[in-house]
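>>> after the sequence you'll find the predicted model.
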Amino acid sequence: MKTYRDLIVWEKAMILVTMIYQKANSLPAEKRYGLIAQLKRSVLSIPSNIAEGYGRSYPKDYLRFLQIARGSLFESQTQLEIAINLSILTK
């Protein structure tokens, strides 16, 4: 592995960010704030933390950033479920 871009998890996280942003941007303006804005921030955090951690000098730092990315994933899953429950998004 030469770079974080070689990580499948980073590639999939980038696809997720793109999908969420495309869907969110197609929503009416009044639905883009609050929950959807927070969802966009949390999904963006996933690949960002993977990349930032990869750039750290120490393995423990990298692991910490991976833990943060994982936490952002769980946050995003919860926000998606709430958005679906409120009929802001569909499955």
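The structure has been received and is ready for your questions. Numbering: from 1, shown residues only.
>>> nearest the geometric middle of the chain, what residue?
The C-alpha lying nearest the average C-alpha coordinate of the chain belongs to V43 (CA atoms, centre = their mean; 1.7 Å).
>>> for that residue, give its distance to L73.
Taking CB to CB, to the nearest Å as the measure, V43 falls 8 Å from L73. For the C-beta atoms, the positions are set from N, CA and C on the backbone; glycine is no exception.
>>> so what sits against both of those two?
Overlap between the contact sets of V43 and L73, as judged by CB atoms under 8 Å, 6 or more residues apart in numbering, is given by A13.
>>> enumerate every residue touching L7.
So, once contact is read as CB under 8 Å, 6+ apart, L7 ends up touching 1, 50, 54.
>>> pull the number of nearby residues for the last one.
So the one you mean is Y54. Here the count is done by other CB atoms under 10 Å, and Y54 has 18 residues near it.
>>> equivalent analysis for the one 5 residues further on, please.
P59 has 9 neighbouring residues, counting by other CB under 10 Å.
>>> the biggest helix by length in the chain packs against which elements?
Scanning the chain for the helix with the most residues, using DSSP state H, yields helix 59-85. Packing contacts for helix 59-85, counted by 3 or more CB pairs under 8 Å, 6 or more residues apart in numbering; DSSP states H and E, involve helix 8-26, helix 35-54.
>>> ranking those helices by burial, who's on top?
helix 35-54 (a mean of 19; mean count of other CB atoms under 10 Å).
>>> show me the contact partners of that helix.
The list of residues contacting helix 35-54 from outside it, by CB under 8 Å, 6+ apart, reads 3-4, 7, 9-10, 13-14, 16-17, 20-21, 24, 27, 61-66, 68-69, 72-73, 75-76, 79-80, 82-83, 86, 88.
>>> so F65 sits against R56, correct?
Yes. With contacts defined as CB atoms under 8 Å, F65 counts as touching R56 at a distance of 6.7 Å.
>>> looking at the two, which is more packed in?
Taking F65 and R56 together and counting by other CB under 10 Å, F65 has the greater number of neighbours (18 against 13).
>>> nearest spatial neighbour of the more buried one, chain-adjacent residues omitted?
Leaving aside its chain neighbours, F65 sits nearest to G53 (2.6 Å; criterion: CB to CB, 6 or more residues apart in numbering).
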